[in-house]
Each structure stands twice: as structure tokens, then as C-alpha cells.
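J.: The sequence and its predicted three-dimensional model are supplied below.
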Amino acid sequence: MLVSILIPVYNERTVVERSLAQVLQAPLPEGLERELVIVDDRSKDGTWEILQRLASEHACIRLFRHDVNMGKGAAVRTAIGHAVGDFCLVQDADLEYDPNEYPILLKPLLTGHADAVFGSRYLAGEARRVLPFWHTVINQFLTYTSNVFSNIHVTDMETCYKVFRTDLLKSIPIRSNRFGFEPEITMKCAKRRLRIYEVPISYHGRTFEEGKKIGWKDGLQALGVILKFWLIDDLYVADHSRGALINQTRTPAYIDWVCSLMRPLLGDHIVEIGAGIGTFSSRLMGRRVRYLAVESDPIHLHALRNRFLRTPNVSVAERCDEVGAFDSALAINVLEGAPEPGAVLAQLHTALKPGGAVVLIAPQGRGNFGSVDEAMGQLRRFDRADLQSLLAAAGFTVESMTDMNRAAHPFWWLAGKVFHRRSLSKVTLKIFDKTLWLWRALDRVLPWSGLSLLVVARKAR
């Protein structure tokens, strides 16, 4: 296995060689190799020449340079793009943090308990240099504020030592160019529900006279970053269907309504195709003998395994190869994004027992397909006849088709066909969800078709 040590550098000629010597000599857990991904952020003091010499002497150093100075966050972003290790560890190029503590930082990841590990300067580490009072107070205030808005409890949000599974880190977009990287990545890890561990580390902080670069302006920027990424769900590099799943999490009342309609239709042994991050699974699994959540997206698959790690009646898989094992099958907003929806239905048919039921929710109305659908990664919308034909070809007999969410139909048409929106705003979704009681009542009387169809079909006995 390989750990990529990401090292942003800017004007550190007095300490960079000693710092990198420590990184190169630092102990690692058995079986783990290292690569140093160093990004020089356009140093002007001779640091670049030192780095070039060191890179020529050590094969494990991969060296890159920015054309203009952009900041720590930009340098880390560049390093992430070049990292090839199983894990990524952020290391400053000064002497404030001790590379001898790499085994402590990596242990929760290697044991499979964590997705990210933060090294905390405020837990009981080996040693911590006493620093100016107000510097510490500002750090702790920023950590407290981050905890309030992220709803997680870390003791040191601003720590440099953060270690991640590389596949997860590469899936998170980094927008901050300067020291806003720390609150941004913390907020996004919290919103993605990554398993974050903290371990105690020692700290040998520098004063400003000794070369420390972060200042009070960066503290103000950190507050802005916390607020920005509390409001904005910019969580995935490749958005599409992942963005649609985040939209769902903003509408808990709507999800509860959908689940209340599906729950009576399901048996004790359920397979759900395209389970995403478990938004519906978590509400439908209760009191079932077995619930299999199937998801092919590796990022969603990982999130599902985290979510149901200690739920005995729920199992998670990349695909379902079982034959005749389930009495119910679910596909919630899956067919519209599948390259071959017929193949999805055929897979569900194989998994069901004779007489088993498939329950589908699919977007209705070919003519309603617009920019919002495209932005969410959808390939199509369906008319009733389309779904009837697909289900019949897969060996199902349709029992019922029920219109859902009639009230939203005209708003969706306006957003996608008239105004050509690429997303639905957080405020719009929240208002819709808070007034769902009204839309549910109108669903019974509005004369036009619903935005979605709830379909129940059965496999022959």
C-alpha cells in the first residue's frame, strides 16, 4: 500500500530541507510505502532550487510548481490531483508538526475504522509549544463555529494533519485557494458523513517572527468559508446523480410521504437497486427480515456500508446475483438514469420469488424532460405506456400506476423548459418540503398528471 504525503510549499528555504528529511525518514506502518507530492506555490526565496535538488536525489519525490502564487488550498488541490496512493496525508513544509506521528495518524484508516483522521493539537499529545493566547482562542473559536454549523465535534478543525482515503478525497471538490482549505474540507467531510477520527499529536508552532504565515484575515476568511459551505452543498467532483441525492436529503417530509405510500406494498425480504446513500433504505428497512441495498457507484457504496455497518438486517452489495431470494424489489428514481432500463427490470425479475412484487417510482411525462433533468443526470422521462411496455418485456404484470406530486408538475416544467434552470435552489426545496401538507391535499383534486408515477407490478407465480 502507498501513502501520498501532500506538501504545499511557499518561501520556506530556511526549514524545507530539514522538514523534508524528517518526512523521508519518518516511520510508517508495516507494508506501507510513501510518495511525496510536493507543490511549490511559486516561491521567490530560493526554495524551488532546493526542492529541485532534493527531487533529483530521492525517487519518491514528485515535484510540481504553480505559475503564480495561489495559496495553500490551491497547492493541496494540485497535489491531490497527482496523488496515486491509497491514503493522502497533508504535511506542511515547516517544522511545526512531527512526521514521527504518521503511524498514529494512519492506524484508524488501516484498521478500516475511519475515512478521515484529524491530528488534534488540543488532545493529550506528547508535547505542545505554548503559543500566544489570542492565537489559540481564535483557533478554538473557529473550531467551535465549524462544529456548530457542521454538527460534528472535533477539537481542532484548523489542524494541518488531516489524512484521508484517497478515493474519497479525490471525489470532494476543493474551492478554497488559501487557508480556507481546512474549514472547507471539514464541512464537506461532515456533510458527506465520512467517519472522522481524531488522534492526539504534538505541536511545535512557530511565531510570526519565525515565519508563520496565517493571520487574522485568514481567520475572517475561515468564518466566511464555514458559512458558505453550510449553505452550499458542493460535495462531489462529479455531480449529476449525486447532486440529485443531495436534493433528496433536503426534503425529509417528501421522502416520508413517498415511504408511507411504498411501505404497505413491501414484504419481509427486500432488494433495492440504486440505493444511493440510503435515504429511502433507512426509512424502509425497519422490521424487515432482510434488506439488500445495491449500489454500483463506488462513492455511494462506501457511504451505504458506513451507514448500515451495525444494522444486522441490512446488507450492502455492488450488484445482486441472487435468484428468487426476495419477495419485494425497489427501484426509486433509477430507471430514468439507467442506460438500459430494461436490463434493470430483468435483474429485479431474476431476484424476485414467483409472485414477488416490484415497486417503482419514475418521473412522468416525456414532454416534461428539460434542463433540470439533464443536470441531475437523467436520460429520460416516461409516459405510462413506456413503463407498461418495459415491465411486460421483463416478465411483469402491472397491477397499479398512481400519479404522485401533481402540484410540482407545472413548477418543474417552468424551471426546466422555460427558464432552463440547471438546479433547484435549497430555499425552493425547503419551502416545498415545509408546505408539503398543502401539496399532498391538492394531489387529490388537481386535474393534470403527476410529476412522478408510483408503479406496482408482479412476477408471475
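T.: Received it, and whenever you're ready, just let me know what you need.
J.: thought residue 66 was touching residue 78?
T.: Yes. Using C-beta atoms under 8 Å, residue 66 is in contact with residue 78, at 7.0 Å. No exception for glycine: its C-beta is placed from N, CA and C like everyone else's.
J.: between those two, who's got more neighbours?
T.: Neighbours around residue 66 and residue 78, counted as other C-beta atoms under 10 Å, are more numerous at residue 78. The numbers are 21 against 17.
J.: Name the nearest residue to that one, ignoring sequence neighbours.
T.: Excluding the flanking residues, the one nearest residue 78 by C-beta to C-beta, 6 or more residues apart in numbering is residue 39, at 4.8 Å.
J.: Quick check: neighbours shared by residue 66 and residue 78?
T.: residue 39 (C-beta atoms under 8 Å, 6 or more residues apart in numbering).
J.: picking that back up, any idea of the pLDDT on the residue nearest to residue 78?
T.: On the pLDDT scale, residue 39 is placed at 97.
J.: so it is in which element?
T.: Per DSSP states H and E: residue 39 is located in strand 33-40.
J.: Tell me the buried residues in that strand?
T.: Within strand 33-40, the residues that count as buried by 16 or more other C-beta atoms under 10 Å are 34, 35, 36, 37, 38, 39, 40.
J.: Report the beta-bridge partner residues of the residue nearest to residue 78.
T.: Beta bridges link residue 39 to residue 8, residue 64 when assigned by DSSP bridges.
J.: my guess is it contacts residue 81, does it?
T.: No. Residue 39 lies out of contact with residue 81 (C-beta under 8 Å); the separation is 9.6 Å.
J.: Do I have it right that residue 64 meets residue 42?
T.: No. Judged on C-beta under 8 Å, residue 64 makes no contact with residue 42 at a distance of 11.3 Å.
J.: Name the nearest residue to the most centrally placed residue in the chain, ignoring sequence neighbours.
T.: Closest to where the C-alpha atoms of the chain average out (C-alpha atoms, centre = their mean) is residue 192, at 4.0 Å. In this structure, residue 192 finds its nearest non-sequential neighbour in residue 235, 5.7 Å apart by C-beta to C-beta, 6+ apart.
J.: got the contact list for residue 183?
T.: Residue 183 neighbours (C-beta under 8 Å, 6+ apart): 142, 146, 157, 158, 176, 222, 225, 226, 229.
J.: If we use 6 Å, what do you get?
T.: With contact set as C-beta atoms under 6 Å, 6 or more residues apart in numbering, residue 183 has these partners: 146, 222, 225, 226.
J.: what does residue 198 give?
T.: Residue 198 sits next to 118, 120 when contact means C-beta under 6 Å, 6+ apart.
J.: so what's it bridging to?
T.: Applying DSSP bridges, one finds that residue 198 bridges with residue 118.
J.: Please determine how far it is located from residue 162.
T.: 10 Å (C-beta to C-beta, to the nearest Å).
J.: residue contacts, the residue nearest to residue 192?
T.: Residue 235 neighbours (C-beta under 6 Å, 6+ apart): 188, 191, 192.
J.: So which of the residues you listed are in helices?
T.: Judged by DSSP state H, these include 188, 191 as members of helices.
J.: would you list the buried residues of strand 33-40 in JSON lines and tack on distance to residue 10?
T.: As requested, the buried residues of strand 33-40 are exported to JSON lines (distance: C-beta to C-beta, whole Å):
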{"residue": "34", "distance to residue 10": "22"}
{"residue": "35", "distance to residue 10": "21"}
{"residue": "36", "distance to residue 10": "16"}
{"residue": "37", "distance to residue 10": "15"}
{"residue": "38", "distance to residue 10": "11"}
{"residue": "39", "distance to residue 10": "9"}
{"residue": "40", "distance to residue 10": "7"}
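J.: which one among those gets closest to residue 90?
T.: residue 37 (10.3 Å; C-beta to C-beta).
J.: any low-confidence regions in the protein?
T.: Scanning the chain for pLDDT under 70 picks out the ranges 124-129, 131, 205-216, 238-249.
J.: Can you report how many residues lie near residue 32?
T.: Residues lying near residue 32 (other C-beta under 10 Å) number 17.
J.: Next, work out how far apart it and residue 4 are.
T.: Applying C-beta to C-beta, the value for residue 32 to residue 4 is 11 Å.
J.: for the stretch 301-450 of the chain, what spans make up the strands?
T.: Counting by DSSP state E, counting those that start in this stretch, the stretch 301-450 of the chain has strands at residues 314-317, 326-332, 352-363, 396-404.
J.: Packed most tightly, which of those strands would that be?
T.: By mean neighbour count, with neighbours taken as mean count of other C-beta atoms under 10 Å, strand 326-332 ranks first of those at a mean of 25.
J.: mind checking how far it is from the chain centre?
T.: 26 Å (C-alpha atoms, centre = their mean, to the nearest Å).
J.: Please apply the same query to stretch 438-449.
T.: Here the centre of stretch 438-449 is set off from its chain's centre by 35 Å, with C-alpha atoms, centre = their mean.
J.: and that stretch, how far apart are its ends?
T.: End-to-end distance of stretch 438-449: 17 Å, with C-alpha to C-alpha, to the nearest Å as the criterion.
J.: before we move on, what about stretch 84-100?
T.: Stretch 84-100 has an end-to-end distance of 22 Å (C-alpha to C-alpha).
J.: Looks like residue 365 contacts residue 382 (just checking).
T.: No. Under the contact definition of C-beta atoms under 6 Å, residue 365 does not touch residue 382, with a separation of 7.9 Å.
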